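Participant: got a structure for you, letters missing:
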């Protein structure tokens, strides 16, 4: 029986709840809600276990803040005895237009501190990830304010449909594999 670990990256605390940087949390929270998953405290994270068509998916929200996300990822891969190819990490991405979804089986950190720490901790870039485009609509020197800022009104209008698209991508990943997930759920803005 295959088991999967799906990690949504974000920062804990109400001040970060609706920020662009927390889209990973939003996606795994919506996935847990759809499958009636209950969140519990785990090592360096919150954890919820769900079944997707009979397959187990362990959903994870690291509590270490973005820059130390690798701790929770490594813990859950080890504790659940899940190989890296059955891991999916969901993050925001400044280099993609808002609404673009890019799913890959491996890659560099691309300037994302969450991916950077995961790569350092796993000593590998070879793990699947879903990058959610948030665009780079900020003035020079304002990147941190932008990613830690809340969604615009126009973005909020599209967010629910985009999160639903990500849920379908995760269902595809768990039930049909990474190839199907990439072929059917990569999305341009």
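Facilitator: Yep, it's here. Quick caveat: nothing in here was measured; it's all calculated off a predicted structure. Residues are numbered from 1 along each chain as shown.

Participant: chain center to stretch 44-53, what's the gap?
Facilitator: On the basis of CA atoms, centre = their mean, to the nearest Å, stretch 44-53 sits 13 Å off its chain's mean C-alpha point.

Participant: also stretch 18-32?
Facilitator: Averaging C-alpha positions (CA atoms, centre = their mean) puts stretch 18-32 7 Å from its chain's average.

Participant: just stretch 33-47 next, same as before
Facilitator: Distance of stretch 33-47 from its chain centroid, counting by CA atoms, centre = their mean, is 14 Å.

Participant: got a list of contacts for the helix or strand encompassing residue 46?
Facilitator: Residue 46 is part of strand 45-52 when elements are defined by DSSP states H and E. Identification of contacts with strand 45-52 by CB atoms under 8 Å, 6 or more residues apart in numbering yields 28, 31-32, 35-41, 56-64, 72, 75-76, 170-171, 174-175. All C-beta spots, glycine's among them, are computed from the backbone N, C-alpha and C.

Participant: so what touches the longest helix anywhere in the chain?
Facilitator: Once the chain is assigned using DSSP state H, the helix that runs over the most residues is helix 153-176. With contact meaning CB under 8 Å, 6+ apart, helix 153-176 is reached by 2, 4, 6, 26-27, 30-31, 34, 52-53, 55, 57, 88, 90, 98-99, 101, 103, 128, 130, 132, 151, 180-181, 184-185, 187.
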